[in-house]
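Participant: Next one to model:
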Amino acid sequence: MNYSDTLKIIKLGRFQFILGGFLFFCCGALFALLLNAKFNLNIFIFGYLALFLAHLSVSYSNDYFDLKVDSLGKPTKFSGGSGVLLDNPHLRNFSKYFALILIFLSLCTASIITVYFQLPLSFLALIILGNVLGWFYSAPPLKLSYRGLSEFSTVLTGFIVPGIGYTILMGKLDINFIFFVIPLMLYELYFILNVEIPDMDADKLGHKKTLVASHGRYMSFVLIAVSALIVTLYYILLSVTNLYPGIDLNTIILFSLIPSTFGILSTFKKSDNRKYTNKLVNYNLTALSIFTILINVYFLYLL
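Facilitator: The predicted model follows:
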């Protein structure tokens, strides 16, 4: 394997998504610390390592199993695969087997640290579930993204990823986390709909049963706006419960207005033009990224 192939393999990893996963993981971990969990650097590092390996495997397996569909469209920064395997067929088998190796390493890491650090079995269960969803998102026989379950699977990761961060430090999943994670799950719906919008035509040709392929781009932008607005409303309702007295939810409400605003703006012009809608997708995903960064920074400030 030469230097050029090494760079292409790194590109296959699509590390912009890995960063987003890390920020969601940190949301859960920091929230646990705000509820008086004790920080353990070793547990934090190795807990995230198990998640990182699982998350990274998804990029390689999806590019392999979605190769036919990806060949029907054009990749963007956030969708359509990396494009590496289309131009480098000699790396296809590597991509599949590397994904399997990463899954194996993720499960081994999670199993070892569960025993060594006496972590709850819920942590191991979340890692296993994350790996299963990541592989079968596009792999047969389940092929979840081809059976109308891509959005459900992604929303579930909005529970799994911060749940791992929370569990390794808090030592359990509890009702405090359940109420906290609901907006993050809705933001995963916001995320996946935006990712699917540029791929609508290719997904239709490839028989992927996504919400975007079934209902079109404009209706998907409406769903994006609705999901973001529900998050803002949820935070408003949560703010009157005094459930988390150490957190000023009004600040988080302000943060949530960023994705909500861009989500609403994306519905103003009813257009099906791919180039135009891709710009809206970039704005929406940037807004979501800003929210995720801000909530992590705010939690760090509170600590």
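
Participant: Same question for stretch 198-216: list its buried residues.
Facilitator: 198-200, 202-204, 206, 208-213 (16 or more other C-beta atoms under 10 Å). For every residue, glycine as well, the C-beta is placed using N, CA and C.

Participant: Over to stretch 64-82?
Facilitator: Buried residues in stretch 64-82, defined by neighbour count with 16+ other C-beta under 10 Å: 64-67, 69-70, 73, 75-76, 78-82.

Participant: got it, and stretch 284-296?
Facilitator: Neighbour-count burial for stretch 284-296 flags Asn284, Leu285, Ala287, Leu288, Ser289, Phe291, Thr292, Leu294, Ile295, Asn296 (criterion: 16+ other C-beta under 10 Å).

Participant: How about the last one, nearest residue that isn't a chain neighbour?
Facilitator: Of all residues beyond its chain neighbours, the one nearest Asn296 is Cys26 (5.2 Å), with distances taken as C-beta to C-beta, 6 or more residues apart in numbering.

Participant: Point out the other helices and strands that the helix or strand containing Asp203 packs with.
Facilitator: Asp203 belongs to helix 200-205 when assigned by DSSP states H and E. Packing partners of helix 200-205 (3 or more C-beta pairs under 8 Å, 6 or more residues apart in numbering; DSSP states H and E): helix 67-70, helix 211-239.

Participant: In helices only, show me the buried residues of stretch 64-82.
Facilitator: Of those, the ones assigned to helices by DSSP state H are Tyr64, Phe65, Leu67, Val69, Asp70.

Participant: which two from those residues end up farthest apart in space?
Facilitator: Within those, Tyr64 and Val69 form the most distant pair, 11.7 Å apart (C-beta to C-beta).

Participant: what ranges do the strands span in the stretch 1-150 of the chain?
Facilitator: In chain order, the stretch 1-150 of the chain shows no strands, with DSSP state E, counting those that start in this stretch as the criterion.

Participant: Low-confidence regions, it specifically.
Facilitator: For the stretch 1-150 of the chain, applying pLDDT under 70 flags the ranges 1.

Participant: rerun at 50
Facilitator: Regions of the stretch 1-150 of the chain meeting the criterion pLDDT under 50 are absent.

Participant: what's the spacing between the closest residue to Tyr298 other than its chain neighbours and Pro183?
Facilitator: Closest residue to Tyr298 apart from its sequence neighbours, by C-beta to C-beta, 6+ apart: Thr251 at 6.0 Å. Separation of Thr251 from Pro183 (C-beta to C-beta, to the nearest Å): 14 Å.

Participant: who's more crowded, those two?
Facilitator: Pro183 (23 against 16; other C-beta atoms under 10 Å).

Participant: So Asn242, which state does it fall into?
Facilitator: The local conformation at Asn242, judged by DSSP: H, G, I helix; E, B strand; the rest coil, is coil.

Participant: re the thing from before, wait, which of the helices and strands packed on helix 200-205 is closest to Tyr137?
Facilitator: Among those, helix 67-70 sits nearest to Tyr137 (C-beta to C-beta), with 12.5 Å.

Participant: packing partners for that closest one?
Facilitator: Helices and strands touching helix 67-70, as assessed by 3+ C-beta pairs under 8 Å, 6+ apart, comprise helix 84-87, helix 200-205.

Participant: Turn these into a markdown table, including distance to Leu51.
Facilitator: Converted to a markdown table, those look like this (distance: least, C-beta to C-beta, whole Å):
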| stretch | distance to Leu51 |
| --- | --- |
| helix 84-87 | 23 |
| helix 200-205 | 27 |
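
Participant: I'd like to know which of these lies nearest to Asp5.
Facilitator: Among the helices and strands packed on helix 67-70, helix 84-87 sits nearest to Asp5 (C-beta to C-beta), with 9.7 Å.

Participant: Relative to the whole chain's centre, how far out is the closest one?
Facilitator: Centroid separation between helix 84-87 and its chain, computed with C-alpha atoms, centre = their mean, to the nearest Å, is 23 Å.

Participant: do stretch 242-253 as well
Facilitator: 24 Å.
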